[in-house]
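Visitor: Fold the following, please.
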Amino acid sequence: MPKFAANLSFLFTDVSFPERFKKAAAAGFTGVEYLFPYAWAPREIAEWLRDNALQQVLFNLPGGDWAAGERGLACLPERRGEFAESVEQALEYAIQLDCRRLHCMAGLRPAGVGEAELEASYIANLRHAADRLATFGVTLMIEPINSRIDMPGYWLDDMAKGWRLLAAIERANVKLQYDIYHAQIIAGDLARTLEAKLPHIGHIQIADNPGRHEPGTGEINFPFLFSRLDSLGYDGWVGCEYTPLTTTTAGLGWLPR
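Guide: Here you go, the predicted model:
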């Protein structure tokens, strides 16, 4: 059975962020991920991890002005300097938290900028980030996110585009973050994609569809997919990035014990 990490931006949100580490450990998780750590000092988070015997699995590079609606910087030509600074900030946290995977959000498609320019900016930024992170053994993730329901205007919103960009970046420490929820909405064909592309997948996330709730609440056959990942020899993490239908604890019946 895969290793499951609790996404603390989605789970156990009935308590404060520091308290979620304890709740995740008590529920049987051994790893955690979340969107952003930057509101807290690295030493604080490291203490919460250590106190609860948890591994930091993944977090995102800074995503721009999140409260104002920005969703990443990587495709934006006029934000190249800010993107480079965001890599350094994320790397500082990754080193102190011993986190070996970072996700880079592409950003929303800006008006008046051609596709070729956006793609060139994205590839250049990802190459810069990958080269910087490789020095410390960190792998960089790119993730297609559906723009139809969850993130309108997101630039990297197609699975085929994600695989193509992965090849164009040409860096061994850049992998695709395969979110099964988004992949189901965008393209489907989940099992065959996992079989064909697993060497290029660096992290997996889950939520059921529709609703983005816990496994077992929608159409996706998660027991089948978990078994398939085992048979394929996947030894990475599966991040639980879903919104509980009721409460986190009540919805954990799907989690293998």
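Visitor: which residues does the residue lying farthest from the centre of the chain contact?
Guide: Centroid-distance maximum for the chain: Gly112 at 28.5 Å, with C-alpha atoms, centre = their mean. Shown in contact with Gly112 (C-beta atoms under 8 Å, 6 or more residues apart in numbering): no residues. Every C-beta, even on glycine, is put in place using the N, C-alpha and C of the backbone.
Visitor: for Asp208, same thing?
Guide: Counted by C-beta under 8 Å, 6+ apart, Asp208 has contacts Tyr181, Glu214, Pro215, Gly216, Thr217, Gly218, Glu219, Ile220, Phe222, Tyr242.
Visitor: Just the ones of those in helices?
Guide: Judged by DSSP state H, helices contain the following of the contacts of Asp208: Tyr181, Phe222.
Visitor: Can you redo the contacts of Asp208 as JSON lines, where the extra columns are distance to Leu73?
Guide: As requested, the contacts of Asp208 are exported to JSON lines (distance: C-beta to C-beta, whole Å):
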{"residue": "Tyr181", "distance to Leu73": "23"}
{"residue": "Glu214", "distance to Leu73": "31"}
{"residue": "Pro215", "distance to Leu73": "32"}
{"residue": "Gly216", "distance to Leu73": "36"}
{"residue": "Thr217", "distance to Leu73": "33"}
{"residue": "Gly218", "distance to Leu73": "32"}
{"residue": "Glu219", "distance to Leu73": "34"}
{"residue": "Ile220", "distance to Leu73": "31"}
{"residue": "Phe222", "distance to Leu73": "33"}
{"residue": "Tyr242", "distance to Leu73": "26"}
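Visitor: Mind putting the contacts of Asp208 into CSV with pLDDT?
Guide: Formatted as CSV, these follow (pLDDT from 0 to 100):
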residue, pLDDT
Tyr181, 98
Glu214, 98
Pro215, 98
Gly216, 97
Thr217, 98
Gly218, 98
Glu219, 98
Ile220, 98
Phe222, 97
Tyr242, 98
